[in-house]
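Trainee: the sequence and its predicted three-dimensional model are supplied below.
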Amino acid sequence: MSGTVSPQLAPVLFKAACPHCRARFELAAGSLRLAIGASRRTTFYSFTCPACGSAVRKPAGERIVELLTGGGVRTLRLHSTV
C-alpha cells in the first residue's frame, strides 16, 4: 500500500457583493443559482446574502455564465414560451 495521498480539490469560491447591505463575501457553488434564458435580460445568477438575508439577482453575461458553470453552479435553462 502506498503512503501517497491524493490531494483534495479545494472548493470553488466566487466573490460576490450584496447591493442591499453592501457586504462583500465569498460563496461556494452550492450557494448560487444560474438561470440561462433566451436573452441577456433573462440570464442571471442569484443568491441569498449571508450578511442581511436579502435575495439577490444579478445579470450574467457570457463570461459569468462560463465561470459559474465551470465552477459547478447549478444551472436552470429557461425555455421561451413562443
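Mentor: All right, it came through fine.
Trainee: tell me who's in contact with the residue sitting nearest the centre point of the chain.
Mentor: Centroid-nearest residue in the chain: residue 32, 3.7 Å away (criterion: C-alpha atoms, centre = their mean). Residue 32 sits next to 14, 16, 45-47, 68, 73-74 when contact means C-beta atoms under 8 Å, 6 or more residues apart in numbering. Any C-beta I mention is one placed from the backbone N, CA and C, and that applies to glycine too.
Trainee: quick one: strands adjacent to the particular helix or strand that has residue 25 in it?
Mentor: Remark: residue 25 resides in strand 24-28, with elements defined by DSSP states H and E. According to DSSP bridges, strand 24-28 forms sheet pairs with strand 13-17 (antiparallel).
Trainee: the strand it pairs with - what's its average pLDDT?
Mentor: The predicted model gives strand 13-17 an average pLDDT of 96.
Trainee: same check on stretch 74-82?
Mentor: The average pLDDT for stretch 74-82 rounds to 79.
Trainee: just checking, what packs against the helix or strand that the strand holding residue 25 is followed by?
Mentor: For strand 24-28, the succeeding helix or strand toward the C-terminus, using DSSP H and E, is strand 33-36. Applying 3 or more C-beta pairs under 8 Å, 6 or more residues apart in numbering; DSSP states H and E, one finds that strand 33-36 makes contact with strand 44-48, helix 62-70, strand 74-77.
Trainee: how about strand 33-36: buried residues?
Mentor: Buried residues in strand 33-36, counting neighbours by 16 or more other C-beta atoms under 10 Å, are found at 33-34, 36.
Trainee: list the buried residues of the strand holding residue 25.
Mentor: Quick answer for strand 24-28 (16+ other C-beta under 10 Å): residue 27.
Trainee: for the helices and strands packed on strand 33-36, which one ends up most surrounded?
Mentor: Of all these, strand 44-48 has the most neighbours on average by mean count of other C-beta atoms under 10 Å, namely a mean of 18.
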